[in-house]
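In: Following is a predicted model, sequence given first.
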Amino acid sequence: MTIDFSLYLVTGRELLPPGKEYLESLEEALQGGVTVVQIREKKSDTLEFLEIARESKILCEKYKVPLIINDRIDIALAVQADGVHLGQTDMPVHIAKTLLPAGTVIGVSCNDPDHVKKAIEDEVDYIGIGAVWGTTTKKLTSPVIGVRGVGSLLQALDGTKIKAVAIGGINSTNVLRTLHGSVSTSGHRLDGIAVVSDIVASSAPRSAAKSLRYSLDAWVHHFNVQSRVPQIYDVETIKNGVVELMRVIRDKSPLIHQITNVVVTNQSANATLALGASPIMATAPEEMHDLSRIPGSLLINFGTITDKGSMILAGQYANEAQKPIVFDPVGVGATQFRKTTASELLNAWQASVIKGNAGEMASLANSNEVQAKGVDSVGPGFADSATFIREIAKKERCVAVMTGPTDWVSDGTIVVKLENGHKILGDITGSGCLVGTCVATFCAGASLLSAAPETSPGPELAKLVRGNMLMGAVGGVLALTVAAECAAERSDVHGSGTFLPALIDELYNLKPETLLSRAKVQVL
Ligand SMILES: Cc1ncc(COP(=O)(O)OP(=O)(O)O)c(N)n1
Ligand SMILES: Cc1nc(C(=O)O)sc1CCOP(=O)(O)O
Ligand SMILES: [Mg+2]
């Protein structure tokens, strides 16, 4: 039996709103586009469960939707259900198979790689991966795995025909994040989402189902469209693209919303102004939505994590508004709290660019090759930085920037190696944070170029740079590091105290010809 797992309803009579009959709600959900129904009765006696299953089967047959029974093999046999769903503490699959007719669909719950490995050995038909988000519908016995955790479990299914649905706290506000964020490095995607309360607890289950259906259909289309024509990058094109971004930034002065740390707020705002953009360092949750609707970009720098709620909100609104998000997980390797917070943020929204030093990026990738000490990276760095930066970009499904004596940028396919800068950058506080600010500014330029009139020199260049976060990241790194070289060479710079104002000056006075002549760029 070929099943469409895309919108998998799991019932829960205890959640029905007052006055909503079970069968009425189920039929509305089926009319709204539910494609699989699982009867989950955790508190019913056998006879009641049997009656519910029988009545549900009649409805599901009317809408030609398969019926799955949760936990209970006997009930499934009694109503000739299409399948059963078994958890890690339910009847083992190999025993269930001896009791069920051949061809019965069998699904199992998975929330760690060993579960998936066993499901493959047992040759199940699908797995339910959860819980992705927090939920009160079921008492969880394992930590929430988050959307990025789903992707790593999906990867284990590569090469099998086993389908996968995500479950746990999925609703219309996070369904797109769930679908987009749950893709594995290898590109393995979910086959659907399983939902209880977003539909069952609704007084309008048909529209609740339709809303989820709409997002699912939009998502499938997104994946089915012809993937972007592979970009051809050469050094001159990259440099000219960065110059084009410098023009757009000064022309459009995008709003760069920066939730950043108290140490660098002032210098980050001044660097933004120096580039020609408009900074706002707002942190109140009440203003996150309004700010997300103003063209520009968002920088989340969690050097001092005091506004986590605003960081989550701002990122979710920026995703909705399709605005670039640059994430700077400052000192992410320093404490478990920072690692957990970074994971929470990246589960909540999709970053466009993640930027960090080698120690921070190693921590995000759970690599021990490079150690972090506080906010600094210690040791010689990665033996193969190009491969590392490409892989973390693929894993996080965004552009990755790794700063250091050499700066590395990748979109998961190409790698750009940048060798500008000056060691005095290490003598001022927040030079890495300034890179994040410049990257966010150039990413805003790239996003605005898509709205800019076709005045750009060479439509081919505009087509490459338009909405291109790799170009934004390279531009931001180059602007800061080339300006740093110019500042360090000035006769009025005698140490870190005179270097910082000179750096802002050089950003302010950065000319295309300076960047074109100085930029040391390699495309790998
Ligand atoms: C699609 C889907 N995924 C997971 C579950 C959870 O099943 P289980 O772990 O057996 O827990 P209970 O649902 O029995 O409480 C599911 N039911 N459906
Ligand atoms: C039934 C179930 N199984 C889960 C798992 O993680 O295996 S979470 C869950 C409840 C999902 O309900 P809601 O959509 O209301 O959050
Ligand atoms: Mg169970």
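Out: Done, it's in. Ligands and ions are numbered 1, 2, ... in the order given.
In: Now Ala348. Nearest residue, chain neighbours left out?
Out: Ile312 (4.7 Å; CB to CB, 6 or more residues apart in numbering). Placement of C-beta: from N, CA and C, glycine included.
In: For Ser55, give its distance to Gln80.
Out: Let me fix one detail, which is that residue 55 is Glu and not Ser. Glu55 sits 14 Å away from Gln80, taking CB to CB, to the nearest Å as the criterion.
In: what about the residue nearest to Ala348, how many residues close to it?
Out: 19 (other CB atoms under 10 Å).
In: Past the one helix or strand it maps to, which element shows up next along the chain?
Out: According to DSSP states H and E, Ile312 maps onto helix 308-320. Downstream of helix 308-320, the first helix or strand assigned by DSSP H and E is strand 325-328.
In: hey, C-alpha coordinates of whatever helix or strand comes next after that following strand in PDB?
Out: Scanning forward in sequence from strand 325-328 by DSSP H and E, the next helix or strand is helix 336-348. Backbone C-alpha positions of helix 336-348 (Å, rounded to 0.1, in the frame of the first residue of the first chain) are rendered in PDB as follows:
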ATOM      1  CA  GLN A 336      26.800  24.300  28.300                       C
ATOM      2  CA  PHE A 337      24.300  27.100  28.600                       C
ATOM      3  CA  ARG A 338      25.700  28.700  25.500                       C
ATOM      4  CA  LYS A 339      25.700  25.400  23.500                       C
ATOM      5  CA  THR A 340      22.100  24.800  24.500                       C
ATOM      6  CA  THR A 341      21.000  28.300  23.700                       C
ATOM      7  CA  ALA A 342      22.700  28.200  20.300                       C
ATOM      8  CA  SER A 343      20.800  24.900  19.600                       C
ATOM      9  CA  GLU A 344      17.500  26.400  20.800                       C
ATOM     10  CA  LEU A 345      18.000  29.500  18.500                       C
ATOM     11  CA  LEU A 346      18.900  27.400  15.500                       C
ATOM     12  CA  ASN A 347      16.000  25.100  16.000                       C
ATOM     13  CA  ALA A 348      13.700  28.100  16.300                       C
END
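In: In the stretch 51-200 of the chain, where is pLDDT below threshold?
Out: Of all residues in the stretch 51-200 of the chain, none has pLDDT under 70.
In: hey, where'd the helices end up in the stretch 1-150 of the chain?
Out: Secondary structure of the stretch 1-150 of the chain (DSSP state H, counting those that start in this stretch): helices at 22-31, 46-62, 73-78, 93-99, 113-121, 146-155.
In: Give me the packing partners of the fifth one, helices and strands only.
Out: Using 3 or more CB pairs under 8 Å, 6 or more residues apart in numbering; DSSP states H and E as the contact criterion, the elements in contact with helix 113-121 are strand 105-110, strand 126-130, helix 146-155.
In: Mean neighbour count for the helices of the stretch 1-150 of the chain - can I get that in a markdown table?
Out: Converted to a markdown table, the helices of the stretch 1-150 of the chain look like this (neighbours: other CB atoms under 10 Å):
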| stretch | mean neighbour count |
| --- | --- |
| helix 22-31 | 19 |
| helix 46-62 | 16 |
| helix 73-78 | 18 |
| helix 93-99 | 13 |
| helix 113-121 | 16 |
| helix 146-155 | 22 |
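In: These into CSV, with extra columns for distance to Pro205?
Out: Putting the helices of the stretch 1-150 of the chain into CSV (distance: least, CB to CB, whole Å) gives the following:
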stretch, distance to Pro205
helix 22-31, 4
helix 46-62, 13
helix 73-78, 23
helix 93-99, 30
helix 113-121, 30
helix 146-155, 25
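In: right, so of these, which gets closest to Leu449?
Out: In terms of CB to CB, the element of the helices of the stretch 1-150 of the chain nearest to Leu449 is helix 146-155, at 29.3 Å.
In: got the contact list for the closest one?
Out: Helix 146-155 is contacted by residues 110-113, 116, 127, 129, 132-133, 145, 164, 166, 177-178, 180-186, 188-190, 343-344, 346-347, 396 when judged by CB atoms under 8 Å, 6 or more residues apart in numbering.
In: in its sheet, what does the helix or strand following that helix sit against?
Out: Moving toward the C-terminus from helix 146-155, the next helix or strand (DSSP H and E) is strand 163-167. In the sheet, strand 163-167 lines up against strand 126-130 (parallel), strand 192-195 (parallel) (DSSP bridges).
In: need the next SSE after strand 163-167, C-terminal direction.
Out: helix 175-181.
In: That following helix and ligand 2, any residue contact?
Out: No. Figure legend: helix 175-181 not in contact with ligand 2 (CB under 6 Å from any ligand atom); closest approach 10.9 Å.
In: How about the stretch 1-150 of the chain: which residue is closest to ligand 3?
Out: Gly87 (3.3 Å; CB to the ion).
In: what residue ranges in this protein score low on pLDDT?
Out: Those would be 221-232, 450-458, if you go by pLDDT under 70 across the chain.
In: Break it down into its domains, please.
Out: Domain segmentation of the chain under automatic domain parsing yields 7-228, 235-451+461-523.
In: Quick one: name the residues of the protein near ligand 2.
Out: 10, 109, 128, 130-131, 135, 137-138, 167-170, 195-198.
In: Looking at these, point me to the pair that's furthest apart.
Out: Ser109 and Asp198 (18.9 Å).
In: Now, of the contacts of helix 146-155, which are buried?
Out: 110-111, 116, 127, 129, 132-133, 145, 164, 166, 177-178, 180-185, 188-190, 343, 346-347, 396 (16 or more other CB atoms under 10 Å).
In: Please consider this matter closed, and thank you.
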